[in-house]
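Chemist: Give me the fold of what follows.
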Amino acid sequence: MEGFLVLLLIAAPIVFGIYMGMEANRKLKILQEEYQTALDALKASTTKQNRIAALDAGRALAAHCRESQKVAIFDEVALQNDLQAYGGEEEK
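Modeler: You can find the predicted model right below:
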């Protein structure tokens, strides 16, 4: 019985760590898909609403990828580059 308890105390944190890693990867994939969908919508129609949606999705993705969970200035520049590449100028 003691052996089982020791095994459980060793295995539980390992299993929990694996689960949390899988959950983080799942969230990352969802955020990447949302950002790509927003960029595709911007490419189809360069409206202000689509630009804002792409910025929001990009910022969520960038924040998720940083330990601080905050968007850095570098991220903002990269997002602007993506918006320019996908949407150019906003429709009037």
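Chemist: going forward, measure contacts between C-alpha atoms and count neighbours the same way
Modeler: Noted.
Chemist: how about Thr46, phi and psi?
Modeler: phi -90, psi 60 (degrees, to the nearest 10).
Chemist: Repeat that for Ala72.
Modeler: Backbone geometry at Ala72, expressed as degrees, to the nearest 10, gives phi -90, psi 160.
Chemist: which residues sit in contact with it?
Modeler: With contacts defined as CA atoms under 8 Å, 6 or more residues apart in numbering, Ala72 has no neighbours.
Chemist: What sits closest to the most centrally placed residue in the chain if chain neighbours are left out?
Modeler: Against the mean C-alpha coordinate of the chain, by CA atoms, centre = their mean, the closest residue is Leu61 at 2.7 Å. With sequence-adjacent residues excluded and distances taken as CA to CA, 6 or more residues apart in numbering, Leu61 is closest to Leu31, at 5.5 Å.
Chemist: Secondary structure element holding the one you found?
Modeler: Taking DSSP states H and E as the criterion, Leu31 maps to helix 2-44.
Chemist: Low-confidence stretches in the protein?
Modeler: Along the chain, the model assigns pLDDT under 70 to residues 4, 8, 88-92.
Chemist: In the protein, which residue sits furthest out from the middle?
Modeler: Met1 (44.0 Å).
Chemist: that older thread, which strands or helices does whichever strand or helix holds the residue nearest to the centre of the chain pack on?
Modeler: Per DSSP H and E: Leu61 is located in helix 48-64. Applying 3 or more CA pairs under 8 Å, 6 or more residues apart in numbering; DSSP states H and E, one finds that helix 48-64 makes contact with helix 2-44, helix 73-87.
Chemist: And those: which comes nearest Ala57?
Modeler: helix 2-44 (4.9 Å; CA to CA).
Chemist: How far away from the center of its chain is the closest one?
Modeler: With CA atoms, centre = their mean, to the nearest Å as the basis, helix 2-44 stands 12 Å off its chain's centre.
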